[in-house]
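J.: coords please:
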Amino acid sequence: MNQFSKLLAGGSLAVLLTGQGAFAADYQMVMSMQLSDKENPIYQAFDYIKTEIEARSEGRIEVKFFPGGAMGGDRELAEGVALGDIQFTSMSTSPVVSFVPELAVFDLPYVFPHDTEVLQNVLLHSDFTQSLDSYMQPNGFRLAGFFNAGFRQLTTSDTPVHTVADIENARLRIRVQENPFHIELWNLLGAAPTPIAYTELYGALQQGVVDGQENPFVNILASKFYEVQGYLTETSHILLANINLMDAAWFNSLPADLQEVVDTVVSEAVDAQWKTQSAALESQKAELAESMTIITLEPEALAEFQSRTAPMVDKIRSSIGDDLVDGLMAAIETASR
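T.: Below you'll find the predicted structure:
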């Protein structure tokens, strides 16, 4: 039994053994995501959601799960939810910015503290985060919480990065998401930002199309980027807030008892995923250290990364307004007390 299963053992085992499948499904729930690593806590959360919703709905909801990018990249998955073809997915907020511009607030660099309890309170329990649902509903999305993916770290193939100058001097081609703020951030750091779909990233790194990329430890492990990257620099520049998107129209079509089942199961999966990821963070880093050189930035070098990317705050303010940026800052301050 993996750590995720241990955290939720016994939750609805009795329900699971009570004749699921006795009734034909009244509703279908399609779930999809890009991850394919079954050891990834987010993958395990999806497995839990499928099993528990089918069990607790007594078969009234049939859940079909398509991992590994089987239904496309992030943009295709978000479009699928908006169109009602997919009922649940999870991804970084960054690609969703093209649908919900206000989510660019999560692209602010160096604003989140490295404190899991603070992060959880901000992303799951703050009034600020709950208010974001009003921006999402017009696009057909229902906010279903956030998974904890961790902070983005820079990896490179042949160039060890200890300072911003190392990026500039080599004019490193860094893969980024299709997000104007991520592109601007790496321009500020002297890189050559290159948008590439996540599903195509391993091949691009292997073939030298790009020199590096940036993702949390868990994603670097899950996609085996350590096989084609030699160095990992702990930049921790942006929190990868993994937003859970639900098909709002589908959820609203469910009777109240099934809405409660879906909400309860997803909430349980979110809480367990946070605990599992937090507990695994150090072991994920240690595992990567077996294949990569891990570089911890000196305080002066980190300060330069922060100062060089500071203009992003005003850029994002001008795009989405002061209220959202100030709201997030206030939520972080409140949670940090």
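J.: any idea where the helices of the stretch 151-300 of the chain begin and end?
T.: Counting by DSSP state H, counting those that start in this stretch, the stretch 151-300 of the chain has helices at residues 164-170, 180-188, 201-206, 217-222, 248-253, 256-289, 299-309.
J.: With mean neighbour count, mean pLDDT and distance to residue 92 added, can I get these in CSV?
T.: Where C-beta positions appear, they are placed from N, C-alpha and C, glycine not excepted. Output for the helices of the stretch 151-300 of the chain, formatted as CSV (neighbours: other C-beta atoms under 10 Å; pLDDT from 0 to 100; distance: least, C-beta to C-beta, whole Å):
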stretch, mean neighbour count, mean pLDDT, distance to residue 92
helix 164-170, 17, 98, 22
helix 180-188, 20, 97, 10
helix 201-206, 16, 97, 13
helix 217-222, 24, 94, 9
helix 248-253, 16, 98, 20
helix 256-289, 18, 96, 15
helix 299-309, 15, 98, 17
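J.: Would you tell me which of these gets closest to residue 50?
T.: For residue 50, the closest of the helices of the stretch 151-300 of the chain is helix 256-289, at 9.3 Å, according to C-beta to C-beta.
J.: what helices or strands is the closest one leaning on?
T.: Helices and strands touching helix 256-289, by 3 or more C-beta pairs under 8 Å, 6 or more residues apart in numbering; DSSP states H and E, are helix 3-8, helix 41-56, strand 61-66, helix 116-120, strand 141-151, helix 217-222, strand 239-247.
J.: so where's the stretch 1-150 of the chain shaky on pLDDT?
T.: 1-23 (pLDDT under 70).
J.: Now do the nearest residue to residue 150 once chain neighbours are set aside: how many residues are near it, please.
T.: Using C-beta to C-beta, 6 or more residues apart in numbering and skipping the chain neighbours, the partner closest in space to residue 150 is residue 216 (3.5 Å). Residues contacting residue 216 under the criterion other C-beta atoms under 10 Å number 23.
J.: residues contacting residue 216?
T.: If a contact means C-beta atoms under 8 Å, 6 or more residues apart in numbering, then residue 216 has 149, 150, 151, 152, 153, 240 as its contacts.
J.: just checking, the fourth one touches residue 237?
T.: So the one you mean is residue 152. Yes - at 5.7 Å, residue 152 counts as touching residue 237 under the criterion of C-beta atoms under 8 Å.
J.: Overlap in contacts, those two.
T.: residue 214.
J.: Find the nearest non-adjacent residue to residue 133, please.
T.: Per C-beta to C-beta, 6+ apart, closest to residue 133 is residue 143, 4.3 Å.
J.: before we move on, what about residue 92?
T.: Nearest one to residue 92, counting by C-beta to C-beta, 6+ apart, is residue 240 at 5.2 Å.
J.: Point to the residue nearest the middle of the chain.
T.: The centre of the chain sits closest to residue 242, judged by C-alpha atoms, centre = their mean, with a distance of 2.4 Å.
J.: The closest residue to that one other than its chain neighbours - how many residues pack around it?
T.: Nearest residue to residue 242 in three dimensions, chain neighbours excluded: residue 147, at 4.0 Å (C-beta to C-beta, 6+ apart). The number of residues packed near residue 147 is 25, by other C-beta under 10 Å.
J.: Please report the distance of residue 147 from residue 245.
T.: 11 Å (C-beta to C-beta, to the nearest Å).
J.: shared neighbours, the two?
T.: Joint contacts of residue 147 and residue 245 (C-beta under 8 Å, 6+ apart) are residue 90.
J.: List the contacts of residue 137.
T.: residue 248.
J.: Report whether it is found in a helix, as I expect.
T.: Yes - with DSSP: H, G, I helix; E, B strand; the rest coil as the criterion, residue 137 is assigned to a helix.
J.: quick one: it from residue 330, how far?
T.: Separation of residue 137 from residue 330 (C-beta to C-beta) stands at 23 Å.
J.: What lies in contact with stretch 300-309?
T.: For stretch 300-309, the external contacting residues (C-beta under 8 Å, 6+ apart) are 109, 110, 162, 163, 164, 185, 188, 189, 235, 237, 297.
J.: what's the burial count for the last one?
T.: Residue 297 is surrounded by 19 other residues when neighbours are defined as other C-beta under 10 Å.
J.: next one: the fourth one
T.: Counted with other C-beta under 10 Å, the neighbours of residue 163 add up to 16.
J.: Pull up the gap between it and residue 304, please.
T.: Look at residue 163 and residue 304: by C-beta to C-beta, they are 7 Å apart.
J.: so which of the helices of the stretch 151-300 of the chain comes closest to residue 76?
T.: helix 201-206 (15.6 Å).
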